[in-house]
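>>> here's a sequence, model it:
(one chain, ligands or ions: 1)
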Amino acid sequence: MARIVGGIALSHTPTIGFALDHQKQNDPVWAPIFKDFITVRNWLKEKKPDAIIWMCNDHITSFFFDHYSPYVIALNDQYFPADEGGGPRKVPPVAGHTKLAQHLGFSLVADEFDMSFSQGKTLDHGVYSPLSMLQDPQDGSMAPIVHMQMGVLQFPVPSPQRFFKLGQAIRRAVESYPEDLNVVICAAGGLSHQVHGERCGFNNTEWDMQFLDLLEKDPQTLTQYTLADYARLGGFEGSEVIIWLAMRAALSEQVTKLHQTYYLPSMTAIATVIYENHGTLPPAEKIAEHTAHMNHQLQGADQIPGTYPFTLERSVKSFRINSFLHKLIDPDYRKRFLEDEEGLFRESDLTEEEKDLIRRRDWRGMMHYGAIFFMLEKLAAVVGVSNLHVYAAMRGQTLDDFMKTRNAPTALYSVAAKDDKGPAWEKDPKEK
Ligand code: FE
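Numbering: from 1, shown residues only. Alright, predicted model coming up:
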């Protein structure tokens, strides 16, 4: 079973990444940042965690307002730094622990946290500013991470109490993971700062100290403050520090604070904190109970004949082929697909098996492989066949035989927009 060995809390101001990239180790203005982070890096080196659950907020880089959600688990097996406007930082990628991410997803949703899931997103300074300080300076190595993006920049935002409960649920999730892993929980953000409006530049060291003290000894009290209280006390963007409540709640009530530093060189108070966790693992029957609770909703679904639940595991496996097919909603891309399919394949990251499935319009094979039906109906619309053609192929029947099973045996349709010349499958093949 996995266990949480400790928690770390880190500010994530871009200042930290800037100091590293500009090699300011020996500059007295920047040197304290290096000293503080090296302590955390050394602690991680000593603890050798198998995974770090890294909670923080993105800064509207990879998670934009076209779809903004409070709690996101990233399923990546590798993460790269984001381009935040001036090109991505030249820092090594970090591995992702996809299996733990999937497990967290199932456990948290079972515990009634309505998570969303991402794949392929890059990481902005919310992760990479502190993370790059923790990577081995020689080879860039560090423990794989599970990135959890917390949407705290567009209201409504979940309450501090909800963040605390999320942390407790993360603990249940980790402790029910079926393999022996040592896990560190990391929260990045804060401390006091405000970066917008006439109040920008606001800091409150007294509150930061009080917050750090309560976080260690009485985190429940911090759940009673409102988001407006956090904004008033620690600056508006400083309220991202509520993410730290989730980290703290994932640890036991009693922790040992091994390290705490605080440095305020410019706009954001930079803190680094390490907590050692003391909790004992729950008894085996409790873990078994939670595992059953996690799996309850899908129990038996995989036994339904001809049915393939689109789980996180399936989604990760088929992400490449689903991405390729999803781009067909772009008119220029589908024009290119129809004119030069092989050229598009060469530019893609598809495997030969995936290219072959698409090339042969092997609807059944693509579905077995993991392509979700709704990508198949897009491809069908592009290549001019109806949904019913796809259904028949998935069942291994001719179109005529399948249509005989319908109440309206002549009703063919697709998701393609109306064409003045009529549906594509009614056209003369030469016209297609
Ligand atoms: Fe931030």
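>>> how near is Phe324 to Leu350?
6 Å (CB to CB, to the nearest Å). From N, CA and C alone the C-beta is placed, and that goes for glycine too.
>>> any shared contact partners between those two?
Ile358 (CB atoms under 8 Å, 6 or more residues apart in numbering).
>>> so between the two, which is more surrounded?
For Phe324 versus Leu350, neighbours defined as other CB atoms under 10 Å are more numerous around Phe324 (22 against 18).
>>> surely the more buried one is within a helix?
Yes: according to DSSP: H, G, I helix; E, B strand; the rest coil, Phe324 belongs to a helix.
>>> for it, give its distance to Tyr333.
10 Å.
>>> which residues of the stretch 101-250 of the chain fall in helices?
125-134, 160-175, 205-217, 219-222, 227-234, 243-249 (DSSP state H, counting those that start in this stretch).
>>> got those helices as TSV, with distance to Pro305, mean pLDDT and mean neighbour count columns?
Shown next, in TSV, are the helices of the stretch 101-250 of the chain (distance: least, CB to CB, whole Å; pLDDT from 0 to 100; neighbours: other CB atoms under 10 Å):
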stretch	distance to Pro305	mean pLDDT	mean neighbour count
helix 125-134	43	95	26
helix 160-175	32	98	22
helix 205-217	52	97	17
helix 219-222	49	97	16
helix 227-234	49	96	18
helix 243-249	41	98	27
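>>> got the buried residues for the helix or strand bottoming out on mean pLDDT in the chain?
Lowest on mean pLDDT, DSSP states H and E among the helices and strands of the chain sits helix 14-21, with a mean of 89. By 16 or more other CB atoms under 10 Å, the buried positions in helix 14-21 come out as 14-17, 19-20.
>>> between these, which is nearest Leu227?
Pro14 (23.5 Å; CB to CB).
>>> how close does the residue lying closest to that closest one once chain neighbours are set aside sit to Gly197?
Leaving aside its chain neighbours, Pro14 sits nearest to His125 (4.6 Å; criterion: CB to CB, 6 or more residues apart in numbering). According to CB to CB, His125 and Gly197 sit 21 Å apart.
>>> tell me how many other residues surround the residue nearest to Ile270 when sequence neighbours are not counted.
Leaving out its chain neighbours, the residue that sits closest to Ile270 by CB to CB, 6+ apart is Ser11, at 4.3 Å. For Ser11, the count of nearby residues is 30 (other CB under 10 Å).
>>> report the separation between Ser11 and Pro178.
From Ser11 to Pro178 the distance is 34 Å (CB to CB).
>>> one step back: tell me which of the buried residues of helix 14-21 is nearest to Leu212?
Ile16 (18.0 Å).
>>> okay, stretch 348-363 in CSV with CA atoms only?
Output in CSV follows, covering the C-alpha atoms of stretch 348-363 (Å, rounded to 0.1, in the frame of the first residue of the first chain):
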residue,chain,number,x,y,z
SER,A,348,1.6,13.1,-36.7
ASP,A,349,2.8,11.2,-33.7
LEU,A,350,0.6,8.2,-34.5
THR,A,351,2.0,4.8,-34.3
GLU,A,352,2.0,2.5,-37.4
GLU,A,353,-0.8,0.5,-35.9
GLU,A,354,-2.9,3.7,-35.3
LYS,A,355,-2.2,5.0,-38.9
ASP,A,356,-3.2,1.6,-40.3
LEU,A,357,-6.5,1.5,-38.4
ILE,A,358,-7.5,4.9,-39.7
ARG,A,359,-6.2,4.2,-43.2
ARG,A,360,-8.3,1.1,-43.5
ARG,A,361,-11.3,2.8,-42.0
ASP,A,362,-11.4,-0.1,-39.6
TRP,A,363,-14.2,1.2,-37.4
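>>> Ala271 pairs with what?
Taking DSSP bridges as the rule, Ala271 bridges to Tyr262.
>>> pLDDT at it, what is it?
What the model reports for Ala271 is a pLDDT of 94.
>>> any idea how far Leu75 is from it?
30 Å.
>>> and for Gln397?
From Gln397 to Leu75 the distance is 35 Å (CB to CB).
>>> give me the distance between Leu350 and Glu253.
Separation of Leu350 from Glu253 (CB to CB): 50 Å.
>>> kindly apply the preceding question to Asp332 instead.
57 Å.
>>> before we move on, what about His259?
Applying CB to CB to His259 and Glu253 gives a distance of 20 Å.
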